[in-house]
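fold the following and give me the result.
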Amino acid sequence: MTSAVRYVSRCRALLLSGLLLGGIGLVVLGALSNTARAQTTPDPDTTRFASNWVGAISLGQTELRVVFRLQTDAQGDLTGTMDSPDQGATDIPISQVLVSEDTLRLRIPSIAGAYVGVYKDSIQAVEGVWVQGGRRLPLTLKSTDEPPVVRRPQEPSLPYPYKSTTVAFRNEEAGITLNGTLTYPADAEGPVPGTVLVAGSGPSNRNAALMGHKPFLVLADALTRRGMAVLRFDERGVGASGGSQEGATTADFATDVVAAVEALSERPEVAENEIGIIGHSEGGLIAPMVAPQSDHVSFLVLLAAPGLPGDVILADQLDRRIRARGGNRRIRSLQKGTQKRIFKILQQDTDSAETVSQLKKVMVQSRGISGEQAINSEVERLMDPWLRFFVTHDPRPTLRTVDVPVLALAGSKDQQVAPDTNQAAIAEALNADDNSDVTVRTLKGLNHLFQTAETGAPDEYGQIEETFAPKAIEIIATWIEEQTGPSTE
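Model prediction:
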């Protein structure tokens with residue numbers, strides 16, 4: 001990551017989103033303008049482009065497949081959408097489809113992307129260039145009747161064998177109303193154990209949707225089928241929830257979870273003395289913050305949770321990223337040195353003007369960023385209250401105050417929150433060796449999202465069909481049942 005940008009862009013806008021799912025500095029190609037969609041008069045050669053076109057963008061050792069779905073509308077013009085199957089993205093609107101003789105031009109403004117290619121009869125394909133984020137990458141497209149699709153076999157289908165209802169609750173401290181979904185057994189004879197799901201960093205909806213996956217939908221479904229009530233909600237400023245994430249810190253998000261726990265405790269379907277919190281990534285920071293603030297929290301499940309201060313985690317992420325890109329020792333030293341200087345500035349209790357001045361000085365001296373506009377933009381990101389809180393927060397003192405049972409799980413291939421050091425820190429803070437109510441486990445072969453993975457690298461997330469490893473779900477469900485008693489099944 002670059003200069004500690006929001007916990008790997010806050011753990012969600014990660015991977016190659018700078019290439020396909022977002023980008024800056026687009027070099028607009030020739031005839032692609034900001035005018036309304038236009039096209040030359042259709043002719044026999046033009047109709048050849050009405051098809052599904054598939055190709056792959058090569059990024060070193062990684063390839064990302066792209067699909068352009070082009071069709072003719074009622075006026076005879078070509079329209080279409082774009083998929084990025086390996087990133088779990090579908091139906092991205094193509095705003096312009098321009099055809100001139102054998103040349104195809106596409107514009108996708110929502111991701112600042114564009115494509116231009118020429119149809120070659122000799123290979124029956126379109127040879128061209130994908131342009132995004134200031135990069136120009138070769139992209140050859142071939143027509144197919146069976147384009148790749150995003151498969152998520154674990155997602156449940158209606159009708160569900162349980163009840164599902166929309167709920168709204170109020171965070172009076174923040175003055176906002178949050179909305180979510182509560183699922184609970186349809187045939188329970190009395191109140192059942194309940195849990196609140198808390199997502200990782202970055203704007204997240206109630207399903208914790210990421211890269212075409214909906215891990216909280218899958219987890220909530222599995223737990224509800226085991227006889228539990230599960231509340232998952234849109235974070236503030238996301239989906240149906242009010243408020244905004246601008247200027248908010250992890251501590252602010254914790255107040256939202258307090259409100260969620262209180263709302264769950266008031267539901268007649270839920271046993272108010274058997275309520276827990278399942279927090280993933282940053283959610284694993286939040287859960288221990290909430291436990292001492294609510295009398296209703298009776299257990300915690302921490303998934304890929306940080307156990308070390310934020311600056312340590314970000315430094316590890318930077319080192320992993322540089323190594324993955326083949327950076328030598330000198331490059332690693334320079335990058336880590338710059339990052340360390342930035343963290344030291346952010347951790348100082350100084351006024352904003354002085355902090356901004358010091359950050360700009362580091363930018364100039366590091367020569368990593370040039371130009372006043374670029375420097376100001378980077379400084380603005382670094383001054384984000386969320387990041388300043390994260391790099392100064394040490395979760396261990398909070399963990400030491402937790403007095404309810406805790407299950408802490410991590411994946412052995414997690415490349416965002418190093419499992420060895422963070423799990424060890426969590427175990428030590430919770431005194432796991434001498435505490436029978438604490439279970440700390442690292443699950444072999446799983447990544448940060450608890451998918452069965454090959455390398456664990458973030459660019460695999462969307463390529464993996466599995467949303468949440470069944471073995472991890474089984475461990476979570478069984479452990480909760482042990483804390484709350486047998487299920488109602």
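
chain neighbours aside, what residue packs nearest to residue 113?
residue 132 (4.3 Å; CB to CB, 6 or more residues apart in numbering). Backbone N, C-alpha and C define where each C-beta goes, glycine included.

if you could redo that for residue 204, that was the one I meant.
Residue 204's closest residue in space is residue 235 (CB to CB, 6+ apart), at 5.0 Å.

now do the same contact list for the one you found.
Applying CB atoms under 8 Å, 6 or more residues apart in numbering to residue 235 gives the contacts 178, 199, 203-205, 241, 245, 253, 256.

of the residues you listed, which is the most crowded?
residue 199 (29 neighbours; other CB atoms under 10 Å).

hang on, the earlier thing: same list (the contacts of residue 235) but as JSON lines, adding pLDDT, distance to residue 59 and secondary structure.
Listed next are these as JSON lines, based on pLDDT from 0 to 100; distance: CB to CB, whole Å; DSSP: H, G, I helix; E, B strand; the rest coil:
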{"residue": "178", "pLDDT": "98", "distance to residue 59": "38", "secondary structure": "strand"}
{"residue": "199", "pLDDT": "97", "distance to residue 59": "27", "secondary structure": "coil"}
{"residue": "203", "pLDDT": "92", "distance to residue 59": "25", "secondary structure": "coil"}
{"residue": "204", "pLDDT": "94", "distance to residue 59": "26", "secondary structure": "coil"}
{"residue": "205", "pLDDT": "96", "distance to residue 59": "28", "secondary structure": "coil"}
{"residue": "241", "pLDDT": "97", "distance to residue 59": "35", "secondary structure": "coil"}
{"residue": "245", "pLDDT": "94", "distance to residue 59": "29", "secondary structure": "coil"}
{"residue": "253", "pLDDT": "98", "distance to residue 59": "33", "secondary structure": "helix"}
{"residue": "256", "pLDDT": "98", "distance to residue 59": "37", "secondary structure": "helix"}
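
could you dump those residues to a markdown table with distance to residue 343?
A markdown table is the format used below for those (distance: CB to CB, whole Å):
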| residue | distance to residue 343 |
| --- | --- |
| 178 | 32 |
| 199 | 25 |
| 203 | 24 |
| 204 | 25 |
| 205 | 31 |
| 241 | 31 |
| 245 | 22 |
| 253 | 21 |
| 256 | 27 |
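
closest to residue 347 out of these?
Residue 347 has its nearest neighbour among these in residue 253, at 20.6 Å by CB to CB.

relative to residue 86, how far out is the closest one?
Plainly put, residue 253 is 30 Å away from residue 86 if you go by CB to CB, to the nearest Å.

likewise residue 299?
On the measure of CB to CB, residue 299 and residue 86 end up 37 Å apart.

the more surrounded of those two?
Set residue 299 next to residue 86 and count neighbours by other CB under 10 Å: residue 86 wins out with 26 against 23.

wait, that one touches residue 464, no?
No: here residue 86 does not reach residue 464: they are 9.6 Å apart, not a contact under CB atoms under 8 Å.

for residue 91, what are phi and psi?
Here is the backbone geometry of residue 91 (degrees, to the nearest 10): phi 60, psi 40.

what's the nearest residue to it if we skip its chain neighbours?
In space, residue 91 is closest to residue 81, 4.8 Å off (CB to CB, 6+ apart).

run through the bridge partners of that neighbour.
Taking DSSP bridges as the rule, residue 81 bridges to residue 69, residue 93.

packing partners of the longest helix along the chain?
The single longest helix within the chain, with elements called by DSSP state H, is helix 329-346. Packing partners of helix 329-346 (3 or more CB pairs under 8 Å, 6 or more residues apart in numbering; DSSP states H and E): helix 310-324, helix 352-366, helix 385-392.

compare these and give me the one nearest residue 110.
Using CB to CB, the helices and strands packed on helix 329-346 put helix 385-392 closest to residue 110, at 24.5 Å.

and that closest one, how far from the chain's centre?
Taking CA atoms, centre = their mean, to the nearest Å, one finds helix 385-392 lying 18 Å from the centre of the chain it belongs to.

for it, buried residues please.
Across helix 385-392, burial judged by 16 or more other CB atoms under 10 Å covers 386-391.

cool, stretch 286-293 as well?
For stretch 286-293, using 16+ other CB under 10 Å, the buried residues are 286-291.

could I get the residues you listed in TSV, plus columns for distance to residue 217 and pLDDT?
Formatted as TSV, the buried residues of stretch 286-293 follow (distance: CB to CB, whole Å; pLDDT from 0 to 100):
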residue	distance to residue 217	pLDDT
286	20	98
287	20	98
288	25	97
289	25	97
290	22	97
291	25	96
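
dump those residues into a markdown table; add secondary structure and distance to residue 139 as well.
Putting the buried residues of stretch 286-293 into a markdown table (DSSP: H, G, I helix; E, B strand; the rest coil; distance: CB to CB, whole Å) gives the following:
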| residue | secondary structure | distance to residue 139 |
| --- | --- | --- |
| 286 | helix | 41 |
| 287 | helix | 43 |
| 288 | helix | 46 |
| 289 | helix | 46 |
| 290 | helix | 47 |
| 291 | helix | 50 |
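
for these, which one is nearest residue 468?
Nearest member of the buried residues of stretch 286-293 to residue 468, counting by CB to CB, is residue 287, at 17.9 Å.

now do the contacts for the closest one.
198, 257, 277-279, 300-302, 305 are the contacts of residue 287 under CB under 8 Å, 6+ apart.

now which of those would you call buried?
For those, a burial check counting by 16+ other CB under 10 Å picks out 198, 257, 277-279, 300-302, 305.

so which of those sit within helices?
Filtering the buried ones among the contacts of residue 287 for helices - DSSP H - leaves residue 257.

can you give me the neighbour number for the spatially closest residue to residue 484 that is not a sequence neighbour?
Spatially, and ignoring its direct neighbours in sequence, residue 484 is nearest to residue 193 (3.9 Å; CB to CB, 6+ apart). Residue 193 has 25 neighbouring residues, counting by other CB under 10 Å.

quickly note the distance from residue 322 to residue 422.
Note on residue 322: its distance to residue 422, by CB to CB, is 20 Å.

looking at those two, which one has more neighbours?
residue 422 (25 against 19).

give me phi/psi at the closest residue to the more buried one other than its chain neighbours?
Using CB to CB, 6+ apart and skipping the chain neighbours, the partner closest in space to residue 422 is residue 307 (4.0 Å). Dihedral pair for residue 307: phi -110, psi -10, per degrees, to the nearest 10.

residue 307 is in contact with residue 419, isn't it?
No: counting by CB under 8 Å, residue 307 stays clear of residue 419, with 9.8 Å between them.

between these two, which has more neighbouring residues?
Per other CB under 10 Å, whichever of residue 307 and residue 419 has more neighbours is residue 307, with 29 against 23.

state the pLDDT value of the more buried one.
Listed pLDDT for residue 307 reads 97.

TSV for the contacts of residue 287, including distance to residue 114?
Putting the contacts of residue 287 into TSV (distance: CB to CB, whole Å) gives the following:
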residue	distance to residue 114
198	38
257	41
277	44
278	42
279	40
300	47
301	44
302	43
305	40
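
name the nearest of these relative to residue 395.
residue 305 (7.6 Å).

which SSE is the nearest residue to that closest one once chain neighbours are set aside in?
Excluding the flanking residues, the one nearest residue 305 by CB to CB, 6+ apart is residue 284, at 2.4 Å. Using DSSP states H and E, residue 284 sits in helix 282-290.
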